[in-house]
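1. A structural model of the following input is requested.
(chains A, B, C and D)
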Number of protein chains: 2
Amino acid sequence: MANDPGPRRHSDRSSGAVTLQQVATRAGVSIATASRALHGGHGRVVNEELRTRVLAAAAELNYVSNAPAQALARARTSVVGLMVHDVADPYFGAIATGVMRAAAEYDLMVMLTASFREQQLELDYLVRLRNQRARAIVLAGSGFTDGEFTERLAERLAGFVEDGGRVACVGDHGVATDTVALDNRGGAEQAVAHLWELGHRRIGVIAGPLGLVTVRDRLDGVRRALERRGAPLPAERVVEADFTRAGGRAAALALLARQPELTAVFALNDGMAAGALAALRDELGLAVPGRVSVVGFDDLPYAADLHPALTTVRLPLEKAGVRALELIVDDRDARGTRRIVELESELTVRSSTGPAPAP
Amino acid sequence: MANDPGPRRHSDRSSGAVTLQQVATRAGVSIATASRALHGGHGRVVNEELRTRVLAAAAELNYVSNAPAQALARARTSVVGLMVHDVADPYFGAIATGVMRAAAEYDLMVMLTASFREQQLELDYLVRLRNQRARAIVLAGSGFTDGEFTERLAERLAGFVEDGGRVACVGDHGVATDTVALDNRGGAEQAVAHLWELGHRRIGVIAGPLGLVTVRDRLDGVRRALERRGAPLPAERVVEADFTRAGGRAAALALLARQPELTAVFALNDGMAAGALAALRDELGLAVPGRVSVVGFDDLPYAADLHPALTTVRLPLEKAGVRALELIVDDRDARGTRRIVELESELTVRSSTGPAPAP
DNA sequence: CTGTTAGCGCTTTCAC
DNA sequence: GTGAAAGCGCTAACAG
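-> Take a look at the predicted model:
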């Protein structure tokens, strides 16, 4: 039946997958026609009957096209890279979900990379994504303020862009790409305003690692809000902590030992707030919000289930993921212009904040 | 300099990326040698000097190899697919983290797909992953018990395997692949045993959607444990709920309205337990664990922060992700034998459970 | 509308 | 140890 595949040099390597050629042969058409029938060849229309035959052959053979081969021929893939710190971290999980939803919408596959806050790993993954010829990268990575790191990050991204890739950051990463900006500063200001209105004047801050952009911006917001009210934040009222529950716990303990006069604690993320809450309640026996009010940041899903329910700043993380992907897909705007989508924070008041106790 | 790229038919499509040919030319060697120098050509050793020259040229040109092209030539990629319901769900987030950690270890890239519990989407992604020529798939998807779905799932996976792919499931998906088995049944039994020992005899169950394998197994564990103690679970003591906080809240309300004599509630996941806790405490005013004890399942990170801290069954989710990836990588065992790694559950007792109140 | 054919970038024989 | 060349599976000119 003239179905001789011919001599094969690399024969053994064949993964056994059905090829377009086989489909074409079976349908009795040329490979070009098969391609056009299956993947809609660039304006070209295929005769209805041939088309049907090709589709039937493909179905019978259980043909699935070879994306790497298509990528090679078309010089473009349909995969986008997503860089996060850790998907298990609800913050990044939410962003990732947004990206996934949008990707499904636009028919893109997403290649996930997690840096676990290791700078080298993050850098390496970036070239790995370039290697994969990802069409774009959504960078929601670690976010270090470290200048040298930022520089190398920029280099890597530049290389990626040179190859024709697009990049969108979620949050500030110190690189001049399209970005979905999260209003960390503004959110922090809102939180402070809220506490201030409740009469709090002695506010402590549990900051995360100062090397993270997010922390820097949130802390900055606190400072600004306080300065504007004529009560600049003293250095002793800020503790740097690990960005975790345990970090928050330890920091709360340290902070209140040092500054027992505090009436409010602002933890710069919900994880630390949860730890602080537990420390205050179980170890220090301080009523929240009776004796000290607590505010968190992020409004993770469990914030309402903390005890007491946590007042916190809500960040539209999932939406940020969606927007980032959209920035990447949407090529309308001229390349070369940096696009920035600003997303707003919103204070969610629950039960962990109340009037400052009378002096 | 004889660097004429020659006539190009597809010229405009070139993404501008540097190619191996360019590196070879610059290093003054053949493309074959460049390939071997860069990617260690199959036993072949390259002269040290040439090797150095190639590496230098590659560095100068900022060369990054083209994975799709390599995939085509080698007939294999270094990507594995990961199917989850939703990464923002802590359960899947934990599994995903495990997979990511292991993938980094083995130098694999992971392509993430999220079905959001839509059967068709899950099925489609499976062919998409085949299309990408993923080398393997870690299936931690929705987990429907639905027979027809399972069948189609099996079909799709079979196709994937035919092409030479490997598959590992996390949890039972009704398909006979290598799997990392989670002890849902055993965990549920432990929870019941715990309650029983505390004197609870009237236990209500807040089940998730009965169409999910996980739910079925956990419920089954409850039934078995109770039967073994001569107190079979009456149908009225089980409510099917959405697998969420809201679902748990509603179910708790319904359950206690119907069966006020219950002294314990077992929610088949932590999210529902959180909702139940809130409903019991805030809406029904029933003391936990004084009047009714509550047990959850999964031991998500926030379980200890619920109020009261939740007694729950811990599942080694991250480890499950790691193991699944290992099953895929580890080809020692003969193909054809189904391998099953059993992971144990462990009850974590906290403050939401206590002695049953005196009758 | 269909078929032929030249690549896409890389790996791997096969000869030297 | 090195190079030439034949593909890998597919797309897109180009010619009919």
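
2. Just give the closest residue to whichever residue of the stretch 201-350 of chain A sits closest to chain B, not the sequence neighbours.
-> Residue of the stretch 201-350 of chain A nearest chain B, by CB to the nearest CB: A:His307 (3.5 Å). Using the backbone N, CA and C atoms, a C-beta is placed for each residue, glycine as well. Leaving out its chain neighbours, the residue that sits closest to A:His307 by CB to CB, 6 or more residues apart in numbering or on different chains is B:His307, at 3.5 Å.

3. Over to the one you found. Which of the three states is it?
-> Here B:His307 is recorded as coil under DSSP: H, G, I helix; E, B strand; the rest coil.

4. Mark out where each domain of chain A begins and ends.
-> Following automatic domain parsing, chain A resolves into domains at A:8-182+A:319-343, A:184-314.

5. secondary structure class for A:Ala158?
-> Recorded secondary structure, A:Ala158: helix (three-state DSSP).

6. what number of residues lie near A:Leu226?
-> Close neighbours of A:Leu226, defined as other CB atoms under 10 Å in any protein chain shown, add up to 21.

7. And it, how far from A:Ala191?
-> 11 Å (CB to CB, to the nearest Å).

8. Over to A:Ala320?
-> Where A:Ala191 is concerned, A:Ala320 sits at a distance of 19 Å (CB to CB).

9. Check A:Asp330 too.
-> In terms of CB to CB, A:Asp330 sits 33 Å off from A:Ala191.

10. And those two? Which one has more around it.
-> A:Ala191 (29 against 13).

11. nearest residue to the more buried one other than its sequence neighbours?
-> Computed as CB to CB, 6+ apart, the closest residue to A:Ala191 that is not its neighbour in sequence is A:Val295, at 4.8 Å.

12. How about that neighbour: which residues does it bridge to?
-> A:Phe266, A:Thr311 (DSSP bridges).

13. Three-state assignment for A:Ala274, please.
-> Look at A:Ala274: counting by three-state DSSP, its state is helix.

14. What's the local residue count around A:Asp305?
-> 24.

15. got it, and A:Ser78?
-> For A:Ser78, using other CB under 10 Å, the count is 18.

16. got it, and the one 10 residues further on?
-> A:Ala88 sits with 23 neighbouring residues when counted by other CB under 10 Å.

17. A:Leu233 too?
-> Burial measure for A:Leu233: 18 neighbouring residues, criterion other CB under 10 Å.

18. Now it: closest residue in space that isn't a chain neighbour?
-> That would be A:Leu226: by CB to CB, 6+ apart, it lies 4.8 Å from A:Leu233.

19. Using PDB, write out every CA atom in the helix or strand hosting the one you found.
-> In this assignment (DSSP states H and E), A:Leu226 forms part of helix A:213-228. Below are the C-alpha coordinates for helix A:213-228, written out as PDB (Å, rounded to 0.1, in the frame of the first residue of the first chain):
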ATOM      1  CA  VAL A 213      10.000  45.100  47.600                       C
ATOM      2  CA  THR A 214       6.600  44.400  49.000                       C
ATOM      3  CA  VAL A 215       7.700  44.900  52.500                       C
ATOM      4  CA  ARG A 216       9.600  48.000  51.600                       C
ATOM      5  CA  ASP A 217       6.600  49.500  49.900                       C
ATOM      6  CA  ARG A 218       4.200  48.600  52.700                       C
ATOM      7  CA  LEU A 219       6.500  50.000  55.300                       C
ATOM      8  CA  ASP A 220       6.900  53.100  53.300                       C
ATOM      9  CA  GLY A 221       3.200  53.500  53.300                       C
ATOM     10  CA  VAL A 222       3.000  53.300  57.000                       C
ATOM     11  CA  ARG A 223       5.800  55.800  57.400                       C
ATOM     12  CA  ARG A 224       4.200  58.300  55.000                       C
ATOM     13  CA  ALA A 225       0.800  58.000  56.700                       C
ATOM     14  CA  LEU A 226       2.300  58.500  60.100                       C
ATOM     15  CA  GLU A 227       4.400  61.400  59.000                       C
ATOM     16  CA  ARG A 228       1.500  63.100  57.400                       C
END
